[in-house]
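[1] Predicted model and sequence below, questions to follow.
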There are 2 protein chains.
Amino acid sequence: MAELHLLSPKGFRAGGVYAGIKQKKTPDVGLLVADAPVSAAGVFTTNKVVAAPVVVGRKHIAGGSLRGVVLNSGNANACTGKQGEKDAIAMCKLAASLVGCDPTEMLPSSTGIIGHMLPMANVNAGIKRVAGELGDSQEHALNFATAIMTTDARRKAASATVKIGRQTVTLAGVCKGAGMIGPRMVGPAVASKRMAGMHATMLAYLTTDAKIAPRVLQGMLGSVSDESFNAVTVDDHTSTNDTAVLLASGASGAAITSSADRKKFTAALREVCQSLAYQIAADGEGATKVVIIRISKAKDDFTARTIARAIANSPLVKCAMHGNDPNWGRIVSAAGMCGVAFDPSRATLKLQGTTVFRNGTPVSFDPEKVSKDLAASEVTVDLTCGGGTAETTLWTCDLSKEYVTINADYHT
Amino acid sequence: MAELHLLSPKGFRAGGVYAGIKQKKTPDVGLLVADAPVSAAGVFTTNKVVAAPVVVGRKHIAGGSLRGVVLNSGNANACTGKQGEKDAIAMCKLAASLVGCDPTEMLPSSTGIIGHMLPMANVNAGIKRVAGELGDSQEHALNFATAIMTTDARRKAASATVKIGRQTVTLAGVCKGAGMIGPRMVGPAVASKRMAGMHATMLAYLTTDAKIAPRVLQGMLGSVSDESFNAVTVDDHTSTNDTAVLLASGASGAAITSSADRKKFTAALREVCQSLAYQIAADGEGATKVVIIRISKAKDDFTARTIARAIANSPLVKCAMHGNDPNWGRIVSAAGMCGVAFDPSRATLKLQGTTVFRNGTPVSFDPEKVSKDLAASEVTVDLTCGGGTAETTLWTCDLSKEYVTINADYHT
């Protein structure tokens, strides 16, 4: 079987071209188009400083139907006032005129530096070129995936298939994100939500050829995002542009209607989104390893996520992980400092499988051995709180000198 | 006039000796003793993982009277269970027997690595030695100040005098802290308090020869701490051990009773504590500069502090400050991501005096010039929110590669 990619689900074409917005000469304008209007769901940043494309995109997706996505990298079109919104709308208008749909059927996205006006001559020329080169090959998918990249070192993609009756439904996705990562996204209609911690730019675009009603699709993406994109943090800095969009063409002919099929499809969607989230953590700026934070037996979901986030975002914990240092006091104290229920006398902490702390007191262990265990590309921190049944998993990475180099030198 | 120090206020003696707890051969056991029981106030960590000396110290200070403080560095006596509490009490008992007071009149403190039992043979030998060497000279003050240091590169001290009627009252203080800094301290009787963000180990000991009732003293220290120690962050990691204690001997003969005198004394106390807080930021692990975050016209105090803390703790902002990069999008987006009221269309941001963002849109500026301005040992980020009258100031530092070196290699 050929490798699956973003355009494997039937009914989509895409492309990416270089339009001179990024310094690096790789695609920076992308277009993803469905053959006809399709069911669409989206989740967006909860930052109060909202980039223009998110302001516009939330409105365009509100009806649950889209024809496609038009985007650029190299410039976030954020903190750009009314002109920024006009530019985001202009991107939709141009793409729509070329695709043959209404401008409100296009969702715009941008990622890159904040506070600079979009170079519209470049953007427009790029949109015109890419609209003439759309296709559904793996190369088209790769060009689109590249057009969303900024400081990413690697392209990120995932896919899955599900049997619905006798038919096979395909899901696929691409995403970008390495810095300003700690998304907290919610649907376009959600005014506020109790969020643990804070947030980051990540963009994700997902396609499927299943037939799913928009309201059902939005519910699936919302709940799956909380267990994937909203559960990854690099620097806990929520971006102004965070966006994840899921398009369902229905072109497979398989409709997701029964509760059993919804469950099956949601599981496949979760698998794809969690793979993408993991890839973001692995490609975190300067990261040398993925750190998986597992919290169990917490009082409730909010408590579990708040504790996971406090541990993941502590620079002291991140540096200890970088140095393969089993300095568990930093982890336990991070759990205690975030204002939610945590009783160390009931807690147990394991580092890469070795118990180091139990019921408020240290457990003697071989620090040399655990340090060797921590020198892996994937490390697990497992904290059992006691006093509840909630559990959560969060993906993060270590903090290296390379992170400082990338972020002290990435000049405006 | 001779330089003022911790023992300039009348009625105190102190000392510090090396007892073999720290690797570096500098004092690691300290004792501060008043000639008689004195008014005492304290604020302590709000971490739910509370070190044994804090558990014991909160009880001993609850009555508002103490004879002194006994402490060690090199070991935090945190996450050490019941044995840890016994050890903290044993420190008080031994010191009290040597000073001639009740064990509950001594407040214990510890700072250093978490999760190791105190080496009590060393601690006890140190307490015995230091009790025999107490004095009120500058050298005694320096030895005590050194006995609280861990990763600090510099000793931190401050002092002030106030005229109360015809008499001069002296205030002085010493503190430690470079990493695990982001204190959120409250009085021993405060069960919970709405705290912006999270927290870090800092220890501070303050002396004065004013005569002040314990309840008044506690109120002063509580409010001044919020504007000083609780307004400094290096890594936003609240320690299990954060403690600030203020002892008032009354030996000057000047009583602080009138509202005017309370105001005068509080202003002097604020000056001393803010100087100490500033010194902590300046000595932050790996820091090359102090970054002062000023928030004004915010909706309320909580909003102002939450925004200040989100900006100060963003690794993206800290790295930009390290690289002298006027990347103001990171600052504005940090203000928007912390869940409190913030409307970018009413906000104005200045970097080292230059306006870079106003009412939701960029202001054109010379990035070369601002970058040069940011290459200073003290940098100011000034964000006017609009829509309120609350203001706050927070001290932090930049994030350098040296920070990673210190914290990835400080092995357990």
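    Cool, the structure landed.
[2] tell me the domain boundaries of chain A?
    A:12-282, A:290-409 (automatic domain parsing).
[3] JSON lines for those domains, including distance to B:Gly187?
    Where C-beta positions appear, they are placed from N, C-alpha and C, glycine not excepted. Formatted as JSON lines, the entries for the domains of chain A read as follows, by distance: least, C-beta to C-beta, whole Å:
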{"stretch": "domain A:12-282", "distance to B:Gly187": "27"}
{"stretch": "domain A:290-409", "distance to B:Gly187": "18"}
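[4] and A:His140, what element?
    helix A:138-146 (DSSP states H and E).
[5] So which elements touch that helix?
    Other elements packing on helix A:138-146 under the criterion 3 or more C-beta pairs under 8 Å, 6 or more residues apart in numbering or on different chains; DSSP states H and E are strand A:12-17, strand A:29-45, strand A:156-164, strand A:167-176.
[6] 6 Å instead, please
    Packing contacts for helix A:138-146, counted by 3 or more C-beta pairs under 6 Å, 6 or more residues apart in numbering or on different chains; DSSP states H and E, involve strand A:12-17.
[7] Contacts for the strand it packs on next, please.
    Counting contacts by C-beta atoms under 6 Å, 6 or more residues apart in numbering or on different chains, the residues outside strand A:12-17 that touch it are A:7, A:27, A:29-34, A:126, A:129-130, A:133-136, A:140, A:143-144, A:146-147, A:207.
[8] Please apply the same query to stretch A:263-283.
    A:152-154, A:156, A:158, A:160, A:162, A:171, A:173, A:175, A:177-178, A:181, A:204, A:220, A:224, A:228-229, A:232, A:256, A:290, A:395-397.
[9] which residues of chain A score low on pLDDT?
    Within chain A, the ranges that satisfy pLDDT under 70 run A:1-2, A:189-200, A:410-412.
[10] mind redoing it with 80?
    Low-confidence segments of chain A, defined by pLDDT under 80: A:1-2, A:179-201, A:409-412.
[11] Relative to chain B, how far out is the residue of it positioned farthest from its centre?
    Each residue of chain A has a distance to the centre, and by C-alpha atoms, centre = their mean the biggest one is for A:Ser364: 38.7 Å. Taking C-beta to the nearest C-beta, to the nearest Å as the criterion, A:Ser364 is separated from chain B by 10 Å.
[12] For the residue of the stretch 1-150 of chain A found nearest chain B, grab phi and psi.
    Evaluated by C-beta to the nearest C-beta, the stretch 1-150 of chain A has A:Ile114 as its residue closest to chain B, separated by 2.5 Å. Backbone torsions of A:Ile114, given as degrees, to the nearest 10, read phi -90, psi 140.
[13] Tell me, how many residues neighbour it?
    For A:Ile114, the count of nearby residues is 28 (other C-beta atoms under 10 Å in any protein chain shown).
[14] Spatially, what comes nearest to it if we skip its sequence neighbours?
    Counting by C-beta to C-beta, 6 or more residues apart in numbering or on different chains, the nearest residue to A:Ile114 once its immediate chain neighbours are dropped is B:Gly329, at 2.5 Å.
[15] For that neighbour, which residues are in contact?
    Taking C-beta under 6 Å, 6+ apart as the criterion, B:Gly329 is in contact with A:Cys79, A:Ile114, A:Gly115.
[16] okay, now A:Val290: neighbour count?
    Residues within reach of A:Val290, counting by other C-beta under 10 Å, total 23.
[17] who does it bridge with?
    According to DSSP bridges, A:Glu378, A:Cys397 are recorded as the beta-bridge partners of A:Val290.
[18] correct me, but it touches A:Glu378?
    Yes. With contacts defined as C-beta atoms under 6 Å, A:Val290 counts as touching A:Glu378 at a distance of 4.9 Å.
[19] helix or strand for the residue farthest from the centre of chain A, which one?
    A:Ser364 belongs to no helix or strand, assigned by DSSP H and E.
[20] With the one 4 residues further on instead?
    Using DSSP H and E, A:Glu368 maps to helix A:367-374.
[21] Please point out which parts of that helix sit buried.
    Applying a neighbour-count criterion of 16 or more other C-beta atoms under 10 Å in any protein chain shown, one finds A:Val370, A:Ser371, A:Asp373, A:Leu374 buried in helix A:367-374.
[22] you'd agree the last one is up against A:His322?
    Yep, that's A:Leu374 we're talking about. No. Using C-beta under 6 Å, A:Leu374 makes no contact with A:His322, being 9.6 Å away.
[23] burial measure for the closest residue to A:Val56 other than its chain neighbours, as a count.
    With C-beta to C-beta, 6+ apart as the measure, A:Ala88 is the residue that lies nearest to A:Val56, at 4.4 Å, once sequence neighbours are left out. When neighbours are counted by other C-beta under 10 Å, A:Ala88 registers 27.
[24] show me what contacts A:Ala88?
    For A:Ala88, the residues meeting the contact criterion (C-beta under 6 Å, 6+ apart) are A:Ala52, A:Pro53, A:Val56, A:Pro108.
[25] Which of the contacts of stretch A:263-283 are buried? Put it as a ChimeraX command.
    In ChimeraX syntax, the buried subset of the contacts of stretch A:263-283 is picked out as below (16+ other C-beta under 10 Å):
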select /A:152,156,158,160,162,171,173,175,177,178,181,204,220,224,228,229,232,256,290,395,396,397
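[26] and A:Val370, what is it in contact with?
    Applying C-beta under 6 Å, 6+ apart, the residues near A:Val370 are A:Pro326, A:Leu351, A:Thr354.
[27] The second one reaches A:Asn324, doesn't it?
    What it means is A:Leu351. No. A:Leu351 is not in contact with A:Asn324 according to C-beta under 6 Å; the separation is 10.2 Å.
[28] which parts of the stretch 201-350 of chain A sit against chain B?
    A:235, A:237-238, A:240, A:314-316, A:319, A:322-323, A:325-327, A:329, A:332-333, A:336-338, A:342, A:344 (C-beta under 6 Å from any C-beta of the partner chain).
[29] Show me those residues that map onto helices.
    Secondary structure of these is defined by DSSP state H; positions in helices are A:Pro315, A:Leu316, A:Cys319, A:His322, A:Gly329, A:Val332, A:Ser333, A:Gly336.
[30] which pair in these spans the largest distance?
    Across these, no pair lies farther apart than A:His322 and A:Gly336, at 22.4 Å, counting by C-beta to C-beta.
[31] All the strands of the stretch 101-250 of chain A, residue numbers only.
    Secondary structure of the stretch 101-250 of chain A by DSSP state E, counting those that start in this stretch: the strands cover A:106-113, A:156-164, A:167-176, A:185-186, A:203-208, A:243-248.
[32] What strands line up against the fourth one, and which way round?
    When you say that, I think you mean strand A:185-186. In the sheet, strand A:185-186 lines up with strand A:29-45 (antiparallel) (DSSP bridges).
[33] Now do the buried residues in the strand it pairs with.
    Residues of strand A:29-45 classed as buried: A:29-34, A:37-45 (neighbour count, 16+ other C-beta under 10 Å).
[34] Tell me the one among those residues nearest to A:Ala260.
    Compare each of these with A:Ala260 using C-beta to C-beta and the shortest gap goes to A:Ser39, at 19.7 Å.
[35] A:Lys211 is in contact with that closest one, correct?
    No. Taking contacts as C-beta under 6 Å, A:Ser39 lies outside contact range of A:Lys211: 7.7 Å.
[36] nearest residue to A:His5 other than its sequence neighbours?
    A:Ala141 (4.0 Å).
[37] Can you get me a residue count around that neighbour?
    Applying other C-beta under 10 Å, we find 27 residues neighbouring A:Ala141.
[38] Nice, that's everything, thank you.
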